[in-house]
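1. Below are the sequence and a predicted model for it; my questions follow.
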Protein chains: 2
Amino acid sequence: MSSPVIAIDAMGGDFGPRCIVPACISFLASHPAVTLILVGDPDVIQGHVDQFSFDDSRLRIHVATQAVDMAEKPSYALRNKPDSSMKVALGLVASGEADACVSAGNTGALMAFARQTLDTLPWIERPAIYTHLPVMGRQCVLVDLGANLDCSALNLYQFACLGAAAAKATGIHEPRVALLNVGVEPTKGNSVVQQASILLEKCRRLNYVGFIEANAVFRSEADVVVCDGFVGNVLLKGSEGLISMLFKQLEGAPVFLRLLAAPLLYRLRKEMMPARYNGAGFLGLRGLVIKSHGSADEFGFQRAIEQAVHAVELRLDTLIKANFLDLYEDSVPKCD
Amino acid sequence: MSSPVIAIDAMGGDFGPRCIVPACISFLASHPAVTLILVGDPDVIQGHVDQFSFDDSRLRIHVATQAVDMAEKPSYALRNKPDSSMKVALGLVASGEADACVSAGNTGALMAFARQTLDTLPWIERPAIYTHLPVMGRQCVLVDLGANLDCSALNLYQFACLGAAAAKATGIHEPRVALLNVGVEPTKGNSVVQQASILLEKCRRLNYVGFIEANAVFRSEADVVVCDGFVGNVLLKGSEGLISMLFKQLEGAPVFLRLLAAPLLYRLRKEMMPARYNGAGFLGLRGLVIKSHGSADEFGFQRAIEQAVHAVELRLDTLIKANFLDLYEDSVPKCD
């Protein structure tokens, strides 16, 4: 295949181009086969680019005259920001000029523009966001992470199929799919998870293992964990916050203790640091979109670009689509 | 004050009396001023008691002929289990024979029986469950943890006032109250958290600091974090699962690395191990009820009894009630 071309929303995120441009330049230096298209205000981007001396043959700047604010309502952005860096970057994927898009911008607006620009897979009511959460000895697909705060049972059912399709695409055979709940007994949970569980039990193509509690997620009792976007967002950010806190607390320990523990801490940091896992994928769209944390630093944003490149190399969108259709076609649920 | 008397639901939890009875006996040995009333099947309890030789003058057995199953629907338990160990233990608090009740049983049933037996504070629609989550350098009140899976804005508002009352009762002046959300911008979140935020902004007696993301909870950016019970349950159990996973992973590291790191790990374990924090309090009731994890071991169950004793010694129910009335009386929201 030809070398990956990634469209970057250069204006998004809490720090915008002053973080994203240096991250892109560092990324290009360590990834000689990748081309990046930085989308946004060309003067601002060029200003940041000029602070570095590097081979810029694989960095292109693409004009977009608007930017979506982090606090903007997605509906407002959709109506009023047709030439936003976010929308234009997604457009480059739709037109085939780029293989994937990375944005650290407003999640809701990114999802709204992505639906409009890239279209959804068959049957999909609402696309979702997923990531690979590091759990005991492996990784687990967690979906949704915040694109859909209020979900129907059918939404959760579709997220389960999409999540399973994504897990299969990364080589997991017959992924165990579970619904996140407050208990594992069938009487537990609200009416939405209970109905979703009934739908999932009927789907013979899916290896549905029932409800899972949040602690069991980290015991690696499922390969795909499904929940609404509010809950998934809290689980993901909570884990990240807790890990960061632990490292902060360890830094506060006496120096000699830290020195003794340094090799172990290094291992732990390497496996668990949230920034290493920055970058969440959109599921249910015709095209690859990676969402970076709004607060990602240069290191974190590079991890998000890395994910995009990896997804392009794996042809992840094609694989996920094929897996999803295979799972879903014979199991379209009959809902009221 | 007289010495604390704690009513124990001896039949509850995943392990029932075979875990709870030894936990109670160990607890009595280390707490010479406390009396425990073990409620449940007297033959079963006595059978476990007889396996130990100890001074049993501060252990009493109180008969209850039924037990609530962990998977039972609360409505079913409420109708069919009037003589359950759970209900009878709560009754001992209502009658003044015990100062507090501890149960590791079915959370929903415990809450339903507690409402029926102990009654709620004025205005309170639905009581909640809270705990003190260990966060950066301090602890933070997290409410609700699973008693109320679907909440209205008014429920969240009341949880905020109850949580603030609990924080004040443990000595925090002007506790910073925040609503857990997927972002801090006012446009973020679902309609319930948005409406709850509007109610909270109007409450002048409360130090409401706005939305908080789950990672910021661990950065100690609030003293009281309010959410619905589904989300709170996932945040709490997720943190516990992550911490347990980290310790498991560290156990898998080479021996010499672990030996070097042992002093630091000891500190960390002491501060963070979930079992140390077992025991969540009910808020909004006239009486002290502590819920232990269903899966708590002997050590964990003792921590729950310890919490109950501590709450009795602090007269926590009286303090929380006074603080709540003080916060709420002038700020009863006008809702549709």
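-> Noted; the coordinates are in hand. Numbers count the residues shown, from 1 in each chain, chains lettered A, B, ... in the order given.
2. Sort out which residues of the helix or strand where residue A:79 lies are buried, please.
-> If you go by DSSP states H and E, residue A:79 is part of helix A:74-80. Neighbour counts over helix A:74-80 (16 or more other CB atoms under 10 Å in any protein chain shown) mark A:74, A:77-78 as buried. Any C-beta I mention is one placed from the backbone N, CA and C, and that applies to glycine too.
3. Could you do stretch A:39-57 as well?
-> Using 16+ other CB under 10 Å as the test for burial, stretch A:39-57 gives A:39-42, A:44-45, A:48-49.
4. re the thing from before, which strands and helices lie in contact with the helix or strand following the helix holding residue A:79?
-> The helix or strand immediately downstream of helix A:74-80 is helix A:85-94, counting by DSSP H and E. The contact analysis (3 or more CB pairs under 8 Å, 6 or more residues apart in numbering or on different chains; DSSP states H and E) places helix A:85-94 against strand A:5-9, strand A:35-40, strand A:59-63, strand A:100-103, helix A:107-118, strand A:288-291.
5. Go ahead and produce CSV holding the CA coordinates of the last one.
-> Put plainly, it is strand A:288-291. C-alpha atoms of strand A:288-291 as CSV (Å, rounded to 0.1, in the frame of the first residue of the first chain):
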residue,chain,number,x,y,z
LEU,A,288,-11.1,6.5,10.1
VAL,A,289,-11.3,9.2,12.7
ILE,A,290,-9.2,9.3,15.8
LYS,A,291,-10.1,11.6,18.7
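6. Spatially, what comes nearest to residue A:87 if we skip its sequence neighbours?
-> Once flanking residues are discounted, residue A:87 sits nearest to residue A:113: 4.7 Å by CB to CB, 6 or more residues apart in numbering or on different chains.
7. same thing with residue A:238?
-> residue B:214 (3.8 Å).
8. Also residue A:208?
-> Closest residue to residue A:208 apart from its sequence neighbours, by CB to CB, 6+ apart: residue A:200 at 4.3 Å.
9. next one: residue A:190
-> Spatial nearest neighbour of residue A:190, chain neighbours left out: residue B:149 (4.4 Å); criterion: CB to CB, 6+ apart.
10. Now the one you found, what are its backbone angles?
-> Dihedral angles of residue B:149 (phi, psi; degrees, to the nearest 10) stand at phi -80, psi -40.
11. The stretch 1-150 of chain A against chain B: which residues are in contact?
-> The stretch 1-150 of chain A comes close to chain B at residues A:70-73, A:107, A:135-136, A:146, A:149-150, as judged by CB under 8 Å from any CB of the partner chain.
12. Could you identify the longest strand within chain A?
-> strand A:128-135 (DSSP state E).
13. the inter-axis angle of it versus helix A:107-118?
-> Counting by axes from the mean of the first three to the mean of the last three CA atoms, to 10 degrees, strand A:128-135 points 120 degrees away from the direction of helix A:107-118.
14. list the buried ones in the very next helix or strand once past strand A:128-135?
-> Heading C-terminal from strand A:128-135, the first helix or strand you meet, by DSSP H and E, is strand A:138-143. Under the neighbour-count criterion of 16+ other CB under 10 Å, strand A:138-143 has A:139-143 buried.
15. tell me which of those is nearest to chain B?
-> Nearest to chain B among those, counting by CB to the nearest CB, is residue A:142 at 10.4 Å.
16. Which residue comes closest to the closest one once chain neighbours are left out?
-> residue A:133 (4.7 Å).
17. Is it correct that the one you found is in contact with residue A:214?
-> No: using CB atoms under 8 Å, residue A:133 makes no contact with residue A:214, being 10.9 Å away.
18. got a list of what residue A:45 touches?
-> By CB atoms under 8 Å, 6 or more residues apart in numbering or on different chains, residue A:45 lies in contact with A:10, A:17, A:21, A:38, A:61.
19. I'd like those residues written out as a markdown table, with pLDDT added.
-> Listed next are the contacts of residue A:45 as a markdown table, based on pLDDT from 0 to 100:
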| residue | pLDDT |
| --- | --- |
| A:10 | 98 |
| A:17 | 97 |
| A:21 | 97 |
| A:38 | 98 |
| A:61 | 98 |
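20. Neighbour-wise, which one of those leads?
-> residue A:10 (34 neighbours; other CB atoms under 10 Å in any protein chain shown).
21. Is the residue of chain A positioned farthest from its centre in a helix, a strand, or coil?
-> For chain A, the residue at maximal distance from the C-alpha centroid (CA atoms, centre = their mean) is residue A:256, at 39.0 Å. Three-state call for residue A:256 (DSSP: H, G, I helix; E, B strand; the rest coil): helix.
22. While we're on it, how confident is the model there?
-> In this model, residue A:256 is scored at 77, pLDDT.
23. Next: residue A:76.
-> For residue A:76, pLDDT reads 96.
24. One more: residue A:334?
-> Predicted confidence (pLDDT) for residue A:334: 66.
25. got it, and residue A:267?
-> For residue A:267, pLDDT reads 72.
26. okay, residue A:133 and residue A:214: which has more neighbours?
-> residue A:214 (26 against 22).
27. so how many other residues sit close to the closest residue to residue A:78 other than its chain neighbours?
-> Spatial nearest neighbour of residue A:78, chain neighbours left out: residue A:112 (4.9 Å); criterion: CB to CB, 6+ apart. Residue neighbour count, defined by other CB under 10 Å, stands at 21 for residue A:112.
28. How about residue A:237?
-> Look at residue A:237: counted by other CB under 10 Å, it has 24 neighbours.
29. can you pull the contacts of it?
-> By CB under 8 Å, 6+ apart, the residues touching residue A:237 are B:213-215.
30. And for residue A:165?
-> By CB under 8 Å, 6+ apart, the contact set of residue A:165 is A:283, A:319-321, A:323-324, A:326-327.
31. Shouldn't it be within a strand?
-> No: read with three-state DSSP, residue A:165 is helix and lies in no strand.
32. right, and residue A:151 touches residue A:226 too?
-> No: the pair residue A:151 / residue A:226 is not scored as a contact, 9.4 Å apart, by CB under 8 Å.
33. In terms of neighbours, single out the busier of those two.
-> Using other CB under 10 Å as the criterion, residue A:151 and residue A:226 rank with residue A:226 on top: 33 against 25.
34. so how far is residue A:107 from that one?
-> Residue A:226 sits 18 Å away from residue A:107, going by CB to CB, to the nearest Å.
35. again with residue A:316
-> Look at residue A:316 and residue A:107: by CB to CB, they are 20 Å apart.
36. try residue A:220
-> Counting by CB to CB, the gap from residue A:220 to residue A:107 is 27 Å.
37. The two - which one has more neighbours?
-> Applying other CB under 10 Å to residue A:220 and residue A:107 shows that residue A:107 carries more neighbours, namely 26 against 15.
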